[in-house]
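sequence first, predicted coordinates after that:
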Amino acid sequence: MNLFIKLFFLVVFTGGSIGVATASDTQTAYSQYNNLNSVSAIFNDQKVVSSLKSVLGSEYSDFSQNFDVFGEPHKTAKGGIFVEGWLKDLYLEQASAFVIQPDGKVYAAWMLPEDNKIHYVSNDLANNKMQEDIVSWAKRFDKEQSVTPAKNQKEMQSNSEKVFETEKFKIRITSLCPVGSECNDVSYEGVRKSDGAVVRLKGKAMKSDCGQASCPVLSYKFRNHDATYIINNVISNLTVVVNNKIVLSEDGKWKSDSE
């Protein structure tokens, strides 16, 4: 029996699903963290961490630092999980909580002593109210709430594209990360002003080691056969190196795409 026929029978007799994660699978995965002894391991789950980072962005560091001590987690009404934590001895002053649902909805809240209010973010575009499990958590503090509207894809994508312009080139740098998440993959589209010639490349953003979820980009690096294109973000310079020799070096500046 050849591979095609095997796949055909597998699809037909299993209802057409091959390796597709269901909501039930997700609920089962979350259930392993639903007790006080194992809940801290949820931050070793890369899917959970990526989901939180995609919603929190630059706020992830402030949010995650509060999980020094964990409270009792619980299952939500929709089959997700509620997790809370706080900084040791600061139960009512510096704390965080989040809910992740099987459908991918994420709700996160945190409080810091310096601003004395509860911050709240979510990727649930259809609901501008605080999620019910987070509401119950927030009542303990009796603090003002600061709700950040859920970010939509258009807003996130608009922040992932930058234009760098020198005397001879206009270059568009675009993030290749999934919407709202953090990664180092970027694309380069360079237009030579003299004749309109276009070069398209894929490369990496080289970031500083700042110890936070989102760190500043020091430079962008792209390879095209023997040529390496480097945009130095610190000194705003484009350098092209061919066979270890600098063949072009031009200063430039970052612009909005509309300029």
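Here it is on my side, so go on.

CA only for contacts and neighbour counts going forward, please
Noted.

my guess is Thr166 contacts Trp254, does it?
No: taking C-alpha atoms under 8 Å as the definition, Thr166 is not a contact partner of Trp254, at 9.1 Å.

who has more neighbours, the two?
Just comparing Thr166 and Trp254: by other C-alpha atoms under 10 Å the higher neighbour count belongs to Thr166, 18 against 15.

list the contacts of that one.
For Thr166, the contact set (C-alpha atoms under 8 Å, 6 or more residues apart in numbering) comprises Leu238, Glu250, Asp251, Gly252, Lys253.

can you list those in TSV and add pLDDT, secondary structure and distance to Phe43?
Shown next, in TSV, are the contacts of Thr166 (pLDDT from 0 to 100; DSSP: H, G, I helix; E, B strand; the rest coil; distance: C-alpha to C-alpha, whole Å):
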residue	pLDDT	secondary structure	distance to Phe43
Leu238	95	strand	39
Glu250	95	strand	44
Asp251	94	strand	42
Gly252	93	strand	41
Lys253	92	strand	39
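
give me the pLDDT value at Leu218.
On pLDDT, Leu218 comes in at 89.

ok, it to Asn37 distance?
Distance, Leu218 to Asn37, by C-alpha to C-alpha, to the nearest Å: 41 Å.

where does the stretch 51-200 of the chain have low pLDDT?
Residue ranges of the stretch 51-200 of the chain with pLDDT under 70: 143-160, 178-182.

which residues of it fall in strands?
Remark: strands assigned in the stretch 51-200 of the chain by DSSP state E, counting those that start in this stretch are 69-70, 74-75, 81-86, 95-100, 106-111, 117-122, 144-147, 161-166, 169-175, 185-192, 198-207.

okay, these in JSON lines with distance to Leu52 next?
As requested, the strands of the stretch 51-200 of the chain are exported to JSON lines (distance: least, C-alpha to C-alpha, whole Å):
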{"stretch": "strand 69-70", "distance to Leu52": "17"}
{"stretch": "strand 74-75", "distance to Leu52": "18"}
{"stretch": "strand 81-86", "distance to Leu52": "12"}
{"stretch": "strand 95-100", "distance to Leu52": "9"}
{"stretch": "strand 106-111", "distance to Leu52": "7"}
{"stretch": "strand 117-122", "distance to Leu52": "9"}
{"stretch": "strand 144-147", "distance to Leu52": "16"}
{"stretch": "strand 161-166", "distance to Leu52": "22"}
{"stretch": "strand 169-175", "distance to Leu52": "19"}
{"stretch": "strand 185-192", "distance to Leu52": "19"}
{"stretch": "strand 198-207", "distance to Leu52": "20"}
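
thinking again about what came up before, what about Leu218 and Asn37, which has more around it?
Neighbours around Leu218 and Asn37, counted as other C-alpha under 10 Å, are more numerous at Leu218. The numbers are 15 against 10.

correct me, but the more buried one touches Val234?
Yes: between Leu218 and Val234 there is a contact at 5.9 Å, judged by C-alpha under 8 Å.

hmm, back to that, so which of the contacts of Thr166 wins on neighbours?
Highest neighbour count within the contacts of Thr166, by other C-alpha under 10 Å: Leu238, with 23 neighbours.

domain ranges for this structure?
Domains of the chain are assigned by automatic domain parsing as 20-151, 155-255.

show me what counts as buried in stretch 221-232.
By 16 or more other C-alpha atoms under 10 Å, the buried positions in stretch 221-232 come out as Lys221, Phe222, Arg223, Ala227, Thr228, Tyr229, Ile230, Ile231, Asn232.

which phi and psi does Arg140 have?
The phi/psi pair for Arg140 (degrees, to the nearest 10) reads phi -70, psi -30.

spit out the contact partners of it.
Neighbours of Arg140 in contact, by C-alpha under 8 Å, 6+ apart: Leu92.

could you check how far the closest residue to Lys53 other than its chain neighbours is from Trp110?
Once flanking residues are discounted, Lys53 sits nearest to Tyr60: 5.9 Å by C-alpha to C-alpha, 6 or more residues apart in numbering. For Tyr60, the distance to Trp110 equals 10 Å [C-alpha to C-alpha].
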